[in-house]
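K.L.:
predicted structure and sequence below. I'll ask about it afterward.
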Amino acid sequence: MPAGSTPRLVLCVAGGLVALWVGLTVMSGDDAGLRFTVIAVIGLTGARALGSEDTPTVLTAVAVLALAVAAAAGLGADHPGLAPYGLAAAIAAISSWVPIRTPRAA
Amino acid sequence: MQPEAVELVAFAAVALVLALLVAQPAASRRSLLLRGVVGLAGTAAVVAAPTFDLALLVLLAIAILHSAIDARRTFAARVHLPVLGVGLLTLAALFARVSGAEVLERFAAVGLAAGLAALVGVLPYIHTFDPDEPVSSSPVAWLAYIGPAAAVVVVADAQGLLAADAGAAFGASLVGIGLLNMVWGSVAAWLTETTAAAWRYSFIADWGLALCGFGITLADGKRAALVVLFSIVLGRLPLYFASREAVKQKVVTERPINLLVAAALAGSAPFAGFSARVLLLRGATQLYWPLALVLAAGMLLWLPASLRLGRSLGVPRGRHALGVAAVLALNVAVGLYPLPLLAAARL
């Protein structure tokens, strides 16, 4: 999709409409701030993790995604306790030092 | 805890024993045991997790560990789909919890179905595949070892999160994805060039049946899904392990054992796949009879692929033969009398 092309224009308009819809429906009511944060973080880290082949970048995105999943637990009707936050923190910490070897050549 | 998910963890433990029995070099058996036990512990933690969010976090941890195993594909290539699956499932759960527009519930239903497909690695999201990669680090680990119990947890939690209308949309999405996987998987397993890739597509085709079973929200649908998942974990997976050496050496044999294995893989009587298909067709007939026609037509597509895969097993000898015989005996037992399996899962 080169800059200025029709598909890119269509994607921009569609993205704008989705953003408008999110603004109208998701950013109101109780816990709107947390809800918007979780959606934005999952969207951005998901895109980063899927769009990159660089291992440290993907690991960083996965660490942030884990924290967003734990934050989403706070939106439920029941209090989630400390378990999701602790587990997400452990995943984020492990992601920063997990040893990744370069793939063997065929 | 879901009893059927607990049962699937037990099947995975038995599958690990069978895989150790038929795995070829001793060195590979040691690493298989270590990876298998870690994977089994992770799957058990997913099943034991008291909330959906905790289960998702455990799945994310398993994805990181699995992708960090030394293998031929890059870390990023292996972690992409589980991350997409966890992200979609989290967003879907969030939409299901938001009180507001009705369309959010529909988004939640579609997101849960899409997240489940991405997590397991079935169409429209499939992993990259390297035929020479060890099974423990390949996408088959998600398709046949971690995926079945995780799918049961996701489906059970999804039904708790969604209201009745959205639950129906979730079921319909699963049936749609299931039909796509049935047709694409079985045709690809028949026509693809390499036999290892054909085995991978055959797992995807079986997952199509399981997803249709989950989508048919009647007791027979759930029963069918459980028996299909049994035939994946304790049928197709150990047979895939048993065929690895013959596939590498491109050995093709047409002995009676190859035809028996082909029959088991095709889901013909008296193997477990047959009772799963009967339950699925019965459930589909009760729900919407044209669906049963489509399913019955789709099930015929298993035949050519299964004959191909059965021939690729070679002629098993020694412990290899013992493992194959145990797999066939287990599948015949469940095919003839699936009631204990279903009763243990309270279905």
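P.N.:
Ah, there it is.
K.L.:
from here on, just use CA atoms for contacts and neighbour counts.
P.N.:
OK.
K.L.:
show me what from the stretch 101-250 of chain B comes close to chain A.
P.N.:
B:A101 (C-alpha under 8 Å from any C-alpha of the partner chain).
K.L.:
residues in contact with the closest residue to chain A within the stretch 101-250 of chain B?
P.N.:
Here the stretch 101-250 of chain B gets closest to chain A at one residue, B:A101, 7.0 Å apart by C-alpha to the nearest C-alpha. Contacts for B:A101 (C-alpha atoms under 8 Å, 6 or more residues apart in numbering or on different chains) come out as A:T25.
K.L.:
so how far is stretch B:221-231 from its chain's centroid?
P.N.:
10 Å (C-alpha atoms, centre = their mean, to the nearest Å).
K.L.:
now what about that stretch, what contacts it?
P.N.:
B:4, B:8, B:11, B:148, B:206-207, B:209-216, B:272-273, B:275-280, B:283-284, B:331, B:338, B:342, B:347.
K.L.:
put the alpha carbons of stretch A:22-34 into PDB.
P.N.:
C-alpha atoms of stretch A:22-34 as PDB (Å, rounded to 0.1, in the frame of the first residue of the first chain):
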ATOM      1  CA  VAL A  22     -14.700   3.400  19.800                       C
ATOM      2  CA  GLY A  23     -14.900   7.000  20.900                       C
ATOM      3  CA  LEU A  24     -18.700   6.900  21.000                       C
ATOM      4  CA  THR A  25     -19.400   3.500  22.500                       C
ATOM      5  CA  VAL A  26     -16.300   2.400  24.500                       C
ATOM      6  CA  MET A  27     -15.200   5.600  26.100                       C
ATOM      7  CA  SER A  28     -18.300   6.300  28.200                       C
ATOM      8  CA  GLY A  29     -19.800   4.700  31.300                       C
ATOM      9  CA  ASP A  30     -18.000   3.100  34.300                       C
ATOM     10  CA  ASP A  31     -14.300   2.200  34.000                       C
ATOM     11  CA  ALA A  32     -14.100   4.000  30.600                       C
ATOM     12  CA  GLY A  33     -10.500   5.000  31.200                       C
ATOM     13  CA  LEU A  34      -9.300   1.500  32.000                       C
END
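K.L.:
check what pLDDT the residue of the stretch 101-250 of chain B closest to chain A gets.
P.N.:
Per-residue pLDDT puts B:A101 at 71.
K.L.:
what helix or strand is the closest residue to chain A within the stretch 51-200 of chain B located in?
P.N.:
Of the residues in the stretch 51-200 of chain B, the one nearest chain A is B:R72, at a distance of 4.8 Å by C-alpha to the nearest C-alpha. Secondary structure assignment for B:R72, by DSSP states H and E: no helix or strand.
K.L.:
burial measure for the closest residue to B:H80 other than its chain neighbours, as a count.
P.N.:
Of all residues not flanking B:H80 in the chain, A:L50 sits nearest, at 5.6 Å (C-alpha to C-alpha, 6 or more residues apart in numbering or on different chains). Counted with other C-alpha atoms under 10 Å in any protein chain shown, residues neighbouring A:L50 total 18.
K.L.:
same deal with A:C12?
P.N.:
Neighbours around A:C12, by other C-alpha under 10 Å: 12.
K.L.:
ok, back up a step: from A:V10, how far out is the residue nearest to B:H80?
P.N.:
22 Å (C-alpha to C-alpha, to the nearest Å).
K.L.:
from the centroid of chain A, which residue is nearest?
P.N.:
Centroid check for chain A by C-alpha atoms, centre = their mean gives A:I42 as the closest residue, at 1.9 Å.
K.L.:
in terms of contact, does that one touch B:V86 like I think?
P.N.:
No. In this structure, A:I42 is not within contact of B:V86 by C-alpha atoms under 8 Å, at 9.6 Å.
K.L.:
in contact with B:A96: list those residues for me.
P.N.:
Here B:A96 is in contact with B:104-105, B:108-109, B:161-162 (C-alpha under 8 Å, 6+ apart).
K.L.:
sorry, wrong one. I was asking about A:G29.
P.N.:
Listed by C-alpha under 8 Å, 6+ apart, A:G29 has no contact partners.
K.L.:
state the helix or strand in which residue 88 lies.
P.N.:
Defaulting to chain A. Per DSSP H and E: helix A:83-97 holds A:A88.
K.L.:
my bad, chain B
P.N.:
helix B:75-97.
K.L.:
what separation do you get for B:L293 and B:V183?
P.N.:
B:L293 is 14 Å from B:V183, by C-alpha to C-alpha.
K.L.:
if we can go back for a sec, thought the residue nearest to B:H80 was touching B:F75?
P.N.:
No. Look at A:L50 against B:F75 with C-alpha under 8 Å: they stay out of range, at 11.7 Å.
K.L.:
pull the helix holding A:A88 out as PDB, backbone CA atoms only.
P.N.:
Extracted in PDB, the C-alpha atoms of helix A:83-97 (Å, rounded to 0.1, in the frame of the first residue of the first chain):
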ATOM      1  CA  ALA A  83      -3.100 -13.400  41.000                       C
ATOM      2  CA  PRO A  84      -3.500 -11.900  37.500                       C
ATOM      3  CA  TYR A  85      -1.300  -8.900  38.200                       C
ATOM      4  CA  GLY A  86       1.400 -11.100  39.800                       C
ATOM      5  CA  LEU A  87       1.300 -13.500  37.000                       C
ATOM      6  CA  ALA A  88       1.400 -10.700  34.400                       C
ATOM      7  CA  ALA A  89       4.400  -9.100  36.200                       C
ATOM      8  CA  ALA A  90       6.200 -12.500  36.200                       C
ATOM      9  CA  ILE A  91       5.500 -13.000  32.500                       C
ATOM     10  CA  ALA A  92       6.800  -9.400  31.700                       C
ATOM     11  CA  ALA A  93       9.900 -10.000  33.800                       C
ATOM     12  CA  ILE A  94      10.600 -13.400  32.200                       C
ATOM     13  CA  SER A  95      10.100 -12.000  28.800                       C
ATOM     14  CA  SER A  96      13.000  -9.600  29.300                       C
ATOM     15  CA  TRP A  97      15.600 -12.400  29.900                       C
END
